[in-house]
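S.K.: this one's sequence-less:
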């Protein structure tokens with residue numbers, strides 16, 4: 001829990017959950033379900049809205065393991081932290097917001 005608070009995810013969890021709930025309750029839920037296990041979006045931008053924002057929240061809260069130094073998510077690597085390919089770092093080791 002402490003790592004989640006420090007990363008800012010804990011604070012944004014409720015907002016993200018509401019976004020996901022809104023998309024799943026809308027007529028566009030099939031688009032969200034199609035995108036839910038895709039690899040994009042892999043970086044937060046303020047322009048993300050609707051199903052794009054919901055897909056990003058889902059990726060962060062369920063699949064995020066590693067990030068590039070710029071905070072962009074890597075959705076492919078599943079190795080243990082000591083075997084992660086360079087330049088990837090565990091999400092909680094990236095300074096600043098992810």
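M.R.: All right, it came through fine. Please read all numbers here as calculations on a predicted model, not as lab measurements.
S.K.: The residue sitting nearest the centre point of the chain: which element?
M.R.: In the chain, the centroid-proximal residue (Cα atoms, centre = their mean) is residue 60; its distance is 2.1 Å. Using DSSP states H and E, residue 60 sits in helix 50-62.
S.K.: Just checking, which helix or strand succeeds that helix along the chain?
M.R.: From helix 50-62, the next helix or strand downstream (DSSP H and E) is strand 66-67.
S.K.: immediately after that next one, which helix or strand?
M.R.: strand 73-74.
S.K.: The residue nearest to the centre of the chain is in contact with residue 16, isn't it?
M.R.: Yes: between residue 60 and residue 16 there is a contact at 7.4 Å, judged by Cβ atoms under 8 Å. Just so you know, the C-beta spots here come from the backbone N, C-alpha and C atoms, and that holds for glycine as well.
S.K.: who touches residue 50 in this structure?
M.R.: 19, 23, 28 (Cβ atoms under 8 Å, 6 or more residues apart in numbering).
S.K.: how does it look with 6 Å?
M.R.: Contacts for residue 50 (Cβ atoms under 6 Å, 6 or more residues apart in numbering) come out as none.
S.K.: can you pull the pLDDT of it?
M.R.: Per-residue confidence (pLDDT) for residue 50: 73.
S.K.: circling back to that earlier point, so for the helix holding residue 60, what gets flagged as buried?
M.R.: For helix 50-62, the neighbour count (16 or more other Cβ atoms under 10 Å) marks 51, 52, 53, 54, 55, 56, 57, 58, 59, 60 as buried.
S.K.: How far away from the center of its chain is it?
M.R.: Here helix 50-62 is found 6 Å from its chain centre; the criterion is Cα atoms, centre = their mean, to the nearest Å.
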